[in-house]
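# model this:
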Amino acid sequence: MFELGNSITRFRDAGIDALLPGHAATALENGQAHIDKAIAKFDSLTVPRNMME
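Residues are numbered from 1 along each chain as shown. A predicted model of the protein is given here:
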């Protein structure tokens with residue numbers, strides 16, 4: 001999960017228009033909006049409470 005977060009944040013402010021992944025759905029416009037949503041999810045992740053005790 002850590003590596004995935006590091007990978008996606010490399011695209012912060014990249015201005016990407018189209019997303020053409022090798023799997024799942026494609027986005028032919030506003031690709032950066034999808035990336036920004038994913039980055040926001042990673043930015044909001046915290047350690048679960050039960051793992052902090």
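# from here on, just use CA atoms for contacts and neighbour counts.
Will do.
# low-scoring stretches of this protein, by residue?
Where the chain drops to pLDDT under 70, the residues are 52-53.
# contacts for the helix ranked longest in the chain?
Criterion DSSP state H: the longest helix present in the chain is helix 31-43. Helix 31-43 is contacted from outside by Gly5, Ile8, Thr9, Phe11, Arg12, Asp13, Ala14, Gly15, Ile16, Asp17, Ala18, Leu19, using Cα atoms under 8 Å, 6 or more residues apart in numbering.
# could you dump those to JSON lines with secondary structure and neighbour count?
Below are the contacts of helix 31-43 laid out as JSON lines (DSSP: H, G, I helix; E, B strand; the rest coil; neighbours: other Cα atoms under 10 Å):
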{"residue": "Gly5", "secondary structure": "helix", "neighbour count": "15"}
{"residue": "Ile8", "secondary structure": "helix", "neighbour count": "14"}
{"residue": "Thr9", "secondary structure": "helix", "neighbour count": "17"}
{"residue": "Phe11", "secondary structure": "coil", "neighbour count": "14"}
{"residue": "Arg12", "secondary structure": "coil", "neighbour count": "12"}
{"residue": "Asp13", "secondary structure": "coil", "neighbour count": "10"}
{"residue": "Ala14", "secondary structure": "coil", "neighbour count": "12"}
{"residue": "Gly15", "secondary structure": "coil", "neighbour count": "12"}
{"residue": "Ile16", "secondary structure": "coil", "neighbour count": "15"}
{"residue": "Asp17", "secondary structure": "coil", "neighbour count": "13"}
{"residue": "Ala18", "secondary structure": "coil", "neighbour count": "14"}
{"residue": "Leu19", "secondary structure": "strand", "neighbour count": "16"}
